[in-house]
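Participant: build me a structure from this.
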Amino acid sequence: MAKFVAFLRGINVGGHRKIPMSDLRQLCVGITSDPDLRTYIASGNLVFDADGAAARWATSIAEGIRARFGFDVPVLVLTEAAMRAALAACPFPRDAGKLVHGYFCFEKPQLDRAGVDALITPTEAVSVQGQTVWLHAPDGIGRSKLAARMERLIGVEVTARNLNTIIKMVEMLGGDAGKPG
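Facilitator: Now for the predicted structure:
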């Protein structure tokens with residue numbers, strides 16, 4: 001058995017594509033056969049154990065959601081190693097929490113550097129690490145013009161999580177999420 005993290009894009013946001021976590025858990029336990037599958041907050045974060053490839057589980061979960069709830073939800077599934085590597089590659093301080101967002105890309109990012117340069121403030125920073133694009137907005141993600149356009153500037157489908165959530169997901173895999181810093 002391998003450990004996986006699944007990120008569902010755009011559920012329970014602004015009253016759209018509502019999926020109660022208890023229903024999502026029940027559905028995904030049936031798909032993965034992991035009775036210990038866990039969710040974290042209502043934005044669609046799962047940790048589960050299963051055999052097989054991450055892409056298979058992404059497809060199976062997306063198909064299950066379509067069949068049960070009647071709408072499409074992009075699902076990104078990462079192996080434990082990929083999730084831990086993404087967090088380890090974060091170039092920003094671990095204690096920055098909600099001021100850092102990781103944009104997990106469904107394919108290789110095609111970052112529009114000119115677009116980023118046009119919006120970035122002197123306090124903000126962007127870093128591409130593999131298939132994760134990191135944004136540090138120390139003056140606040142909600143105030144950042146760059147953050148508001150980040151998904152379009154990345155150029156591929158993404159699902160974003162703040163650093164607090166990313167650390168929690170790694171902790172849910174078991175063991176240490178690494179030293180702060």
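Participant: could I have the CA atoms of the helix of greatest length in the chain written out in PDB?
Facilitator: When the chain is parsed with DSSP state H, its longest helix is helix 54-69. Taking C-alpha atoms only, helix 54-69 is exported to PDB below (Å, rounded to 0.1, in the frame of the first residue of the first chain):
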ATOM      1  CA  ALA A  54      -1.800   8.400  -8.600                       C
ATOM      2  CA  ALA A  55      -3.400   9.100 -12.000                       C
ATOM      3  CA  ARG A  56      -5.700   6.200 -11.600                       C
ATOM      4  CA  TRP A  57      -7.000   7.500  -8.300                       C
ATOM      5  CA  ALA A  58      -7.500  11.000  -9.700                       C
ATOM      6  CA  THR A  59      -9.600   9.600 -12.500                       C
ATOM      7  CA  SER A  60     -11.600   7.300 -10.200                       C
ATOM      8  CA  ILE A  61     -12.400  10.000  -7.700                       C
ATOM      9  CA  ALA A  62     -13.400  12.500 -10.400                       C
ATOM     10  CA  GLU A  63     -15.600   9.800 -12.000                       C
ATOM     11  CA  GLY A  64     -17.200   8.900  -8.700                       C
ATOM     12  CA  ILE A  65     -17.900  12.600  -7.900                       C
ATOM     13  CA  ARG A  66     -19.500  13.100 -11.400                       C
ATOM     14  CA  ALA A  67     -21.700  10.000 -10.900                       C
ATOM     15  CA  ARG A  68     -22.800  10.800  -7.300                       C
ATOM     16  CA  PHE A  69     -23.000  14.600  -7.400                       C
END
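Participant: neighbouring strands - and their directions - for the very next helix or strand once past that helix?
Facilitator: Counting by DSSP states H and E, the next helix or strand C-terminal to helix 54-69 is strand 75-79. Applying DSSP bridges, strand 75-79 is found paired with strand 2-8 (antiparallel).
Participant: quick one on the thing from earlier: list the contacts of the longest helix of the chain.
Facilitator: Applying Cβ atoms under 8 Å, 6 or more residues apart in numbering, the external contacts of helix 54-69 come out as 4, 6, 8, 17, 19, 23-24, 27-28, 30-32, 46, 48, 50, 71-79, 82. In short, each C-beta sits where N, CA and C put it, glycine included.
Participant: stretch 111-121 now?
Facilitator: Applying Cβ under 8 Å, 6+ apart, the contact partners of stretch 111-121 are 126, 128, 133, 139, 144-146, 149, 152-155.
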